[in-house]
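Chemist: one predicted model, sequence on top.
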Amino acid sequence: LDRLSEADVLTGRAVLEKAGLLRDSTRFAYVGLEEPDKQDVLEHVPGAPFERRIRVLLLDLADGRSRDVIISITAGTVESVREPDPERDGRLPILDAEFELVEQIVDAAPDWRTALAARGLTPDRVRVAPLSAGAYDHPAEAGRRIIRSLGFRQDHPRDNPWAHPVDGLVAYVDPIAREVVSVIDTGPQPIPAECADFDDPAYVGPARQGLRPIEITQPEGPSFHLAGDVLHWQNWSVRLGFDAREGLVLHQLSYRDTITGTAQDRPILYRASIAEMVVPYADPSPVRFWQNYFDAGEYLFGRYTNSLALGCDCLGDITYLDAVLADEQGEPRRISNAVCLHEEDYGVLWKHTDSWTGASETRRQRRMVISFFTTVGNYDYGFYWYLYLDGTIQLEAKATGIPFTSAMPPDGNQAFASELAPGLGAPFHQHLFCARLDMTVDGSRNAVDEVQARA
């Protein structure tokens, strides 16, 4: 269950090349650990041999053909090759290579250029966002890999385009055929003009004054230690993993029970991660009805993990872990400081002053923090797993960044958005996180209660 290494990635690429599965037009959409069967892991004896495998999803930009490949890193062989059925299995995630490609395709489309001209714009002033398309049974999209694109005006290279949505206009793009399938234009709308260049001191003004430094120190060092990928802290033990799709993964979380006098590691979680995140939007207009993003499956939010900076993203006595992923050429890509490990004081856990006995005691709460941050387009997400002294396990998801924007009518009458600035709207939407929790509370015989929430 160890995190991918650069050697794993390089071996996988060499095996694929030897098997003749790579062409100049082939791109690596995903590379990740193919985890062994759960029972095999639970029965594994340390030191015994095992098979290490990776899974690779390949996309050919020339013909759109995709392959799902399992590779044995141990044996250096291809174990299986499957060609997914796009209608049944869905399509592979959007590639970084397609971001620039889609903008070029859209900029060259006559219908798009005509629509921009009607708004007093030229393609060089508009950034095109490549957005996952969903499946809506449009006959013209059958058998195609589709990306939908909205435009945002950019007044200069450092200008924040999210402040200037070019609304009433969307392009449906086939990046494999390198053509625009259709352009939907419901007519020009006023483009919000107000600047939002948050990193320009001339616009935002001076930084807040009067805050003196806060320094968090642990003179004797942190209370946790790492043994390879295994973290030990205050009777807790957890194996740390990382995946291009899910980001941070926790394996084999257990707690050492010493109450009986005989130390016993009691299993709690076999595996925990954020397996998916869906962001459905509420605007039913012809230009926006399709907006519904699966940020893990369609964009692989693990690959956009930030390199964290001491004093900004993490404060205190910090230990960092790097993550190794594969780029779209199948070469190793290291994200430095991808995972942050630190302890936090968390106030009073228990306190009592007894008027009869005169006893007065306080127990402070402390938590172990395991976190990472990722940026998907306009939004930034932080995921924080907390382990507490009282046995609590908690996940906190933080959403920050910039809202996805739309134009507001001059009268401000828009039923599906809130006004952020003059003429600028934030369409109503939700961020729904799916936590995959494989529980092993004192063993694998566990039950699940499912709650159906309805509006």
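Modeler: Received, thanks. Numbers count the residues shown, from 1 in each chain.

Chemist: which SSE is G20 in?
Modeler: Under the criterion of DSSP states H and E, G20 resides outside all helices and strands.

Chemist: just want the most central residue of the protein.
Modeler: F301 (2.3 Å; Cα atoms, centre = their mean).

Chemist: pull the contacting residues for it.
Modeler: Applying Cβ atoms under 8 Å, 6 or more residues apart in numbering to F301 gives the contacts R245, G247, M277, D295, T374, V376, Y381. Placement of C-beta: from N, CA and C, glycine included.

Chemist: please convert the residues you listed to CSV, extending it with neighbour count.
Modeler: Output for these, formatted as CSV (neighbours: other Cβ atoms under 10 Å):
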residue, neighbour count
R245, 21
G247, 25
M277, 24
D295, 23
T374, 25
V376, 19
Y381, 23
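
Chemist: now distance to A29 and pLDDT too, for these, in a markdown table please.
Modeler: Rendered in a markdown table, the data for the contacts of F301 read as follows (distance: Cβ to Cβ, whole Å; pLDDT from 0 to 100):
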| residue | distance to A29 | pLDDT |
| --- | --- | --- |
| R245 | 10 | 97 |
| G247 | 17 | 97 |
| M277 | 18 | 94 |
| D295 | 15 | 95 |
| T374 | 17 | 97 |
| V376 | 16 | 95 |
| Y381 | 21 | 97 |
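
Chemist: of the residues you listed, closest to S355?
Modeler: S355 lies nearest to Y381 out of the contacts of F301, by Cβ to Cβ, at 48.6 Å.

Chemist: what's across from the closest one in the sheet?
Modeler: Counting by DSSP bridges, Y381 forms beta bridges with T374, A399.

Chemist: dump the residue contacts of it.
Modeler: Applying Cβ under 8 Å, 6+ apart, we find Y381 in contact with M277, D295, F301, F373, T374, T375, A397, K398, A399, T400.

Chemist: how near is it to K398?
Modeler: Plainly put, Y381 is 7 Å away from K398 if you go by Cβ to Cβ, to the nearest Å.

Chemist: ok so, going back, what's the most distant pair in the contacts of F301?
Modeler: Greatest spacing in these, by Cβ to Cβ: R245 and Y381 (13.8 Å).

Chemist: V102 looks like it's in a strand, true?
Modeler: No. Counting by DSSP: H, G, I helix; E, B strand; the rest coil, V102 is located in no strand; its state is helix.

Chemist: chain neighbours aside, what residue packs nearest to it?
Modeler: P130 (4.2 Å; Cβ to Cβ, 6 or more residues apart in numbering).

Chemist: and that neighbour, how many neighbours?
Modeler: 24 (other Cβ atoms under 10 Å).

Chemist: what helix or strand is it located in?
Modeler: Element membership for P130, per DSSP H and E: strand 126-132.

Chemist: adjacent strands (with direction) for the next helix or strand after that strand?
Modeler: Secondary structure here is assigned by DSSP H and E; on that basis, the next helix or strand after strand 126-132 toward the C-terminus is strand 147-153. Based on DSSP bridges, the strands next to strand 147-153 in the sheet, each with its direction, are strand 126-132 (antiparallel), strand 165-174 (antiparallel).

Chemist: what comes into contact with strand 147-153?
Modeler: Under the contact criterion Cβ under 8 Å, 6+ apart, strand 147-153 has outside partners 94, 98, 102-103, 106, 116, 121, 125-133, 161-162, 164-166, 169-175, 191, 287, 290, 405.

Chemist: what's the spacing between D155 and R125?
Modeler: With Cβ to Cβ as the criterion, D155 and R125 are 7 Å apart.

Chemist: could you check which of these two is surrounded by more residues?
Modeler: R125 (19 against 14).

Chemist: you'd agree that one is up against H156?
Modeler: No. No contact is recorded between R125 and H156 when judged using Cβ atoms under 8 Å, the distance being 9.6 Å.

Chemist: could you list the low-confidence segments of the stretch 251-400 of the chain?
Modeler: Along the stretch 251-400 of the chain, no part satisfies pLDDT under 70.
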